[in-house]
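> Compute the structure for the input listed below.
(chains A and B)
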Amino acid sequence: MTSASSEDPGTIINEIIEEIPCRQKQISTLMALFGKRVHFTPAALFLYGHTATGKSLVVSTLMDKLKLPFVLLNCVECYSQRFLYEHILNSLYQTDLFAFDESVPRIKCDNMNDFMRLFKQVLNEKRLDKETVYIIMDKAERLRDMEANILPAFLRLQELSSSNVCVILLSEIVWEKFRWGTGFAEPFILHFPDYKKDELLQILSKGCPANFPESCYAMYLNLVLSVFHHVCRDLREIQHLVNLNFMKFTEPIRCGEATSDDSKKLWKNIEPHLKKALQTVYLREVSSSQWERYQAEIARDMEQENTSQSLQGLSHRCHVELPYYSKYLLIAAYLASYNPAKTDKRFFAKHSEKKSKKTLQKKKHERASNHMLGPKPFPLDRLMAIFYSIVEGKVAPTANIFMQITSLVSLHMLAQVAGDDQIETPKYKCLISLDFIKSVARTVNFDVVKYLYDFV
Amino acid sequence: MKSKQPRSSGGRFMKVVEEKKDECISPISKTQEILKLRLSQKHTPSEIFGLQKEQRQLKDLIRRTGVFGESNSVLIIGPRGCGKSAIVQRVLTELGEEEEIHKNLLQVHLNGLLQTDDKVALKEITQQLHLENTVGDRVFGSFAETLQFLLEALKRGNQTSKPILFILDEFDLFAQHRNQTLLYNLFDIAQSAQAPICVVGITCRLDVLELLEKRVKSRFSHRQIYLYNNMTFENYVMFFKQLLKLEDDFPDRRFQSDWNKSIEELSEAQSVVDMLKRQFSFSQDICALKQIMFLPVCSLNEMDIPRLTPAMFVDSMKISTSDSKSAMLHGVSILELCLIIAMKHLTDIYEGEPFNFEMVYNEYQKFAQRRSSMQVFDKAVVLKAFEHLVALELVKSVEGGSTKIQKEYRLMSLLIHNTQIMDALQKYPQCPTDVRNWATLSIS
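Residues are numbered from 1 along each chain as shown, chains lettered A, B, ... in the order given. Purely as a prediction, here's the structure:
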């Protein structure tokens, strides 16, 4: 068991630093804190930093390389205390984690008291009581949602179990937000800072495909970062985007239109695609396979028509086909939600008097427009009144019309906010955005902006 | 690696080394091990400053139970890290040396964090008294009956029942149990002298008596020991030294005296005194001090850092007092930073009234259009950035998790202070000047 420690720790640390770039300081601090195997460590460590800053990677690599006894768990998976305890105990009990032996009985445990007792028992049985055992909890913020005693108890696990154990919590939320209730022992806090731009480049350039010139790849990475770095610092997300757009980038080189040194030409080629990707792929509106298919389609179109117009495509998203009256109902609902009821007369009455300029001026002093405060609920009667005044032709108030309101609710375009019972008239709220209603109104040739109080 | 083992100490040390079968355990490494154990949660100090009176009082009380079979109940109340558990621990070890008590007194240790309800607590009591076999498969009607049975079972051996000491750590948590059954029964037994027990509750809540139900409170003896943190700065420094100094039983005598001398020098260095003063005025909690001392002790090694230096402590202090929110702000993207500034302005304008995404977006758009150099992003992209901030809990929904309102219109409030934003902007790498100016711009 002590064979690992007999190896020179200096070589191990160099190996790890080699493997994980730009995290040298954190690695050496952690190594110092862990110290020798028999040494005590701080009872709890709290490592925080943005996603994809190497928290889990550093900790698990250290554990693997130093061959320390540890349990790694994700608090999203172990969402109840029973799963949490049983996972820790069983992982410790079956030391070789990869071969779950069915013949060994699973330990059952569902409260903190039993956990503490069994934990000590397992440590004794497995002869782990002489060295530090590490319990690593990823996404530790979830522990706050469990029973109130769990987080404090884990923070003082060393004291309560009086054994050499170190609890490592990983989270992207700052420690202040964890303090709640009683019994907290402060952990040792370590920050994993975000990668700087050149560090990102250094890490990403590791993924350079074989037989591709590295300088050119570095240039490509620079281009991607120049578009995305303003909105996104997440290494994983950028990595995904880099891989996705690489084919597009190398296209001119493969076709022989440009060489890998022709940076200007390559930039011209890739720039619009990156901008497009910002609007769609970054938001995960389409999956990466969809995006590839879409790229292929564009390529085909380009061959056939030779126009650059087809680049729009995906951006007019959420295109929904609705029945004719449903569209008018939806427009009416939108108007009812975003216009104050007292202005209805002005917009929809046959002979409305012209509003004086005074009222228009008064409006400017209002705190915020209705479009900023969100939709207001309106009664069914008002909806129907607006509907009849905007719809073309005569429409009988049949059950069909009311059916369509219900189906709009089930499509989550309207929401019923009150009046579930028979006596009260139901009230609704319109849930769709201005862009959406504009595109709906366009299909029936209705100028919805003209009727909106905010834009008069 | 330096090897200075054999020259100073005699045969005894050699023997120790042989026993341990570690060929080259250097004194530094040994020191490190000792100090780390001392700084861990497992360790309780051997001497407690300024609490001798309270310690004596508690010792008397427990001894009376142990020797004369008197029943008692007492609460020890004091802030965190002032030595509540330490004096109980200390008293128990001292009493353990007296043979009469050692043989006679049974101990039950309970902790509010572990025994979350009375059923679990009862099971734990049974286990700690080694009565599992006696209870067997018997079924009891009520909690009191079970407890009564347990105590009876202890009595059966000889005529007089053995005294039991109950120590309830995090006592306030036991008051949250349903009907406070455990507390009621314990206090009831103590008061009516059915069996000699002593109940010691340890808590940091000053209002703990208010938590007790009337029937429980009336059975409590109302004996309370308050521990105040009346540690002076001199004591604090002394404690600091005591934690770092090596005891006389350290094998390498020469190293020990060298080491202790270096600790004396360390504690007189101006920067360390300043650091301690700052920490002392911030909190007198011993645990917090230990936390700061841990990293310097860890960074000792045989090759290049053989002694503790003041700089190590100053660095460690810096790490432990750094503002984590500013550190997190350092890692957000420029777009997210813009949104935070927009929120800050909204909070300023409306005097802390909550805002929603649409308002923030509007504010951001106004800024972005004014500055032609800024790239204006799509609403959907901005919304994603906004949601990232919500996930980081830098922005929080006012109503809690009400799902009825669309997320664009949900009312939010900003959880970052203005100074934190300014601090982050100062440190932000390659922050566009426009953004910085926008942040400092005061709204008139």
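> residues in the stretch 1-150 of chain A within reach of chain B, list them.
A:29, A:32-33, A:35-36, A:38-43, A:48-50, A:53, A:111-113, A:116-117, A:147, A:149 (C-beta under 8 Å from any C-beta of the partner chain). For every residue, glycine as well, the C-beta is placed using N, CA and C.
> Then the stretch 251-400 of chain A?
So far as C-beta under 8 Å from any C-beta goes, the stretch 251-400 of chain A lies against chain B at A:278-279, A:282-283, A:285, A:367-368, A:371-375.
> Give me the subset of the residues of the stretch 1-150 of chain A next to chain B lying in helices.
A:29, A:32-33, A:112-113, A:116-117 (DSSP state H).
> hang on, the earlier thing: from the residues of the stretch 251-400 of chain A next to chain B, which is closest to A:Ile13?
A:Tyr282 (37.0 Å; C-beta to C-beta).
> what's downstream of the host helix or strand of B:Gln256, the next helix or strand?
Counting by DSSP states H and E, the element that carries B:Gln256 is helix B:253-268. Once the chain leaves helix B:253-268, the next helix or strand it forms, by DSSP H and E, is helix B:270-282.
> one step back: are any of the ones in helices among the residues of the stretch 1-150 of chain A next to chain B buried, and if so which?
Buried residues within these, defined by neighbour count using 16 or more other C-beta atoms under 10 Å in any protein chain shown: A:29, A:32-33, A:112-113, A:116.
> and B:Ile225, what element?
strand B:224-226.
> Given that strand, what are its sheet partners and their directions?
strand B:72-77 (parallel) (DSSP bridges).
> hmm, back to that, if we go by neighbour counts, what in the strand holding B:Ile225 is buried?
For strand B:224-226, burial by neighbour count (16+ other C-beta under 10 Å) applies to B:Ile225.
> Can you list the buried residues in the helix or strand following that strand?
Following strand B:224-226 in sequence order, the next helix or strand is helix B:233-244 (DSSP H and E). Of all the residues in helix B:233-244, those buried under the rule 16+ other C-beta under 10 Å are B:236-237, B:239-240, B:242-244.
> Identify the residues contacting helix B:233-244?
B:35, B:38-39, B:45, B:47, B:49-50, B:231, B:263-264, B:266-267, B:273, B:276-277, B:280, B:284, B:286, B:289-290, B:293, B:297, B:308 (C-beta atoms under 8 Å, 6 or more residues apart in numbering or on different chains).
> again, only using 10 Å
B:31, B:35, B:38-39, B:43, B:45-50, B:231-232, B:259-260, B:262-264, B:266-268, B:272-273, B:275-277, B:279-281, B:284, B:286, B:289-290, B:292-293, B:296-297, B:308, B:313 (C-beta atoms under 10 Å, 6 or more residues apart in numbering or on different chains).
> hey, C-alpha coordinates of it in CSV?
Provided in CSV are the C-alpha atoms of helix B:233-244 (Å, rounded to 0.1, in the frame of the first residue of the first chain):
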residue,chain,number,x,y,z
PHE,B,233,-4.4,39.1,22.5
GLU,B,234,-1.5,37.9,24.6
ASN,B,235,-3.3,34.6,25.2
TYR,B,236,-4.0,34.4,21.6
VAL,B,237,-0.4,34.7,20.6
MET,B,238,0.6,32.3,23.3
PHE,B,239,-1.9,29.8,21.9
PHE,B,240,-0.5,30.4,18.5
LYS,B,241,3.0,29.6,19.8
GLN,B,242,1.8,26.6,21.8
LEU,B,243,0.2,25.1,18.7
LEU,B,244,3.5,25.3,16.8
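> avg pLDDT for it?
The average pLDDT within helix B:233-244 is 89.
> ok, now stretch B:424-440?
For stretch B:424-440, the mean per-residue pLDDT is 85.
> Likewise for stretch A:378-398?
88.
> What are the buried residues along it?
Within stretch A:378-398, the residues that count as buried by 16+ other C-beta under 10 Å are A:378-380, A:382-384, A:386-387, A:390-391.
> What is the nearest of those to chain B?
The closest of the buried residues of stretch A:378-398 to chain B turns out to be A:Phe378 (C-beta to the nearest C-beta; 15.4 Å).
> Apart from its chain neighbours, what residue comes closest to the residue nearest to the spatial centre of chain B?
Centre of chain B computed as the mean C-alpha position; nearest residue by C-alpha atoms, centre = their mean is B:Cys287, 6.5 Å away. What sits nearest to B:Cys287 in space, not counting adjacent residues and going by C-beta to C-beta, 6 or more residues apart in numbering or on different chains, is B:Gly81, at 4.7 Å.
> can I assume the one you found is in contact with B:Ser283?
Yes - at 7.7 Å, B:Gly81 counts as touching B:Ser283 under the criterion of C-beta atoms under 10 Å.
> Name the residues contacting each of the two.
Residues touching both B:Gly81 and B:Ser283 by C-beta under 10 Å, 6+ apart: A:186, B:229, B:289.
> Turn these into JSON lines, columns for pLDDT, neighbour count and distance to A:Ile437.
Formatted as JSON lines, those follow (pLDDT from 0 to 100; neighbours: other C-beta atoms under 10 Å in any protein chain shown; distance: C-beta to C-beta, whole Å):
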{"residue": "A:Glu186", "pLDDT": "87", "neighbour count": "21", "distance to A:Ile437": "52"}
{"residue": "B:Asn229", "pLDDT": "74", "neighbour count": "15", "distance to A:Ile437": "64"}
{"residue": "B:Leu289", "pLDDT": "88", "neighbour count": "20", "distance to A:Ile437": "62"}
